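Peer 1: Show me the folded form of this:
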Amino acid sequence: MIDKSREIALKCLYKIDKEQAYSNITLDDELNKNRKMLNDKDIGLISQIVYGVTTWKLTLDTIISKYSKIKLKKISPWIINILRMGIYQIIFLDKIPKHASVDESVNLSKNMGIKGALDL
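Peer 2: Alright, predicted model coming up:
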């Protein structure tokens, strides 16, 4: 089962990345659309991931570049944001186990219907 919090965070990051949307407006819109199915803990996690990934984007991209054989510009925007989210959770969020961050990132990419890493 896909984690709705991370799915919403991913959608926000995609809009911020591809549409140059403002993070606060995008986050507020997505939270309002999904308010009925979210609790305070979910809202906190979504906000923390969106603002954290946005804040640390250059650092996260440097880490991805170091370990990826594929150049960042060639990686699908969905995949790059899933990688950023996973790495952010592993490095900066102590309350989330590392294995859970990896597992949720893999599940998110599978459930989003993403076939491969390349942006074709």
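
Peer 1: Now do residue 51, the pLDDT please.
Peer 2: Note on residue 51: pLDDT of 98.

Peer 1: same deal with residue 3?
Peer 2: pLDDT, residue 3: 81.

Peer 1: Could you do residue 120 as well?
Peer 2: 40.

Peer 1: can you count the residues close to residue 13?
Peer 2: Residue 13 is flanked by 26 other residues according to other CB atoms under 10 Å. C-beta coordinates here come from the backbone N, C-alpha and C atoms, glycine included.

Peer 1: if I look at it, how far off is residue 99?
Peer 2: 22 Å (CB to CB, to the nearest Å).

Peer 1: swap in residue 37?
Peer 2: From residue 37 to residue 99 the distance is 26 Å (CB to CB).

Peer 1: Report the outermost residue of the chain with respect to its centre.
Peer 2: Within the chain, the residue lying farthest from the chain centre (CA atoms, centre = their mean) is residue 36, at 21.3 Å.
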